[in-house]
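Asks: Predicted model and sequence below, questions to follow.
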Amino acid sequence: MGKGKADKPLVWLKGEVKTPPFSAAARIEAGYLLRLVQRGHTLALPHARPMPVIGARCQELRINDEAGTFRILYRADPDAVVILDVFKKKTQQTPQAVIDACRRRLRDYDRLTSDEERTS
């Protein structure tokens, strides 16, 4: 990315990255990967994978830690990185309840931001 271009802001709809439960190393890794996304990079395995089941431009960051495996679900919008959820992964598949909640959060966020644009 070119010099002078600002990082996209992070919009946290749910979750946070903190120690604990993340170790300091996992927290730093999560911050580094999110910064890459903020700068417009598209991440791939092993760090991230697409999550089209949630929506377009949605990804799952994969953070492996001594305390377990964490996931950060996000959508890379043109003007922001929208954080949908942060959770400790306990099963092979992402739980359907998490997927449904992320879809709902995105729907609400999109409705709210489009309402703001109309009134501006």
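Replies: It's in.
Asks: Just want the phi and psi numbers for residue 13.
Replies: Residue 13 adopts backbone torsions of phi -90, psi -30, taken as degrees, to the nearest 10.
Asks: Next, count neighbours for it.
Replies: Residue 13 sits with 18 neighbouring residues when counted by other Cβ atoms under 10 Å. All C-beta spots, glycine's among them, are computed from the backbone N, C-alpha and C.
Asks: and it, how far is that from residue 86?
Replies: According to Cβ to Cβ, to the nearest Å, residue 13 and residue 86 sit 10 Å apart.
Asks: Please apply the same query to residue 55.
Replies: 17 Å.
Asks: Which residue of those two possesses the greater neighbour count?
Replies: residue 86 (21 against 16).
Asks: Test my guess that the more buried one contacts residue 63.
Replies: No: Residue 86 is beyond contact range of residue 63, at 9.2 Å (criterion: Cβ atoms under 8 Å).
Asks: Stretch 67-82: which residues count as buried?
Replies: Neighbour-count burial for stretch 67-82 flags 70, 71, 72, 73, 74, 75, 76, 80, 81, 82 (criterion: 16 or more other Cβ atoms under 10 Å).
Asks: actually stretch 80-93, not the one I wrote
Replies: Under 16+ other Cβ under 10 Å, the buried positions of stretch 80-93 are 80, 81, 82, 83, 84, 85, 86, 87, 89.
Asks: Quick one: distance of that stretch to the chain centre.
Replies: Distance of stretch 80-93 from the chain centroid (Cα atoms, centre = their mean, to the nearest Å) equals 7 Å.
Asks: quick one: contacts for the residue nearest the centre of the chain?
Replies: Taking Cα atoms, centre = their mean, the centroid of the chain lies closest to residue 74, which sits 2.5 Å from it. By Cβ atoms under 8 Å, 6 or more residues apart in numbering, the contact list for residue 74 reads 34, 37, 58, 59, 61, 81, 82, 83, 84.
Asks: Please identify the helix or strand for residue 69.
Replies: Secondary-structure assignment from DSSP states H and E places residue 69 in strand 68-76.
Asks: Sweet, I'm off.
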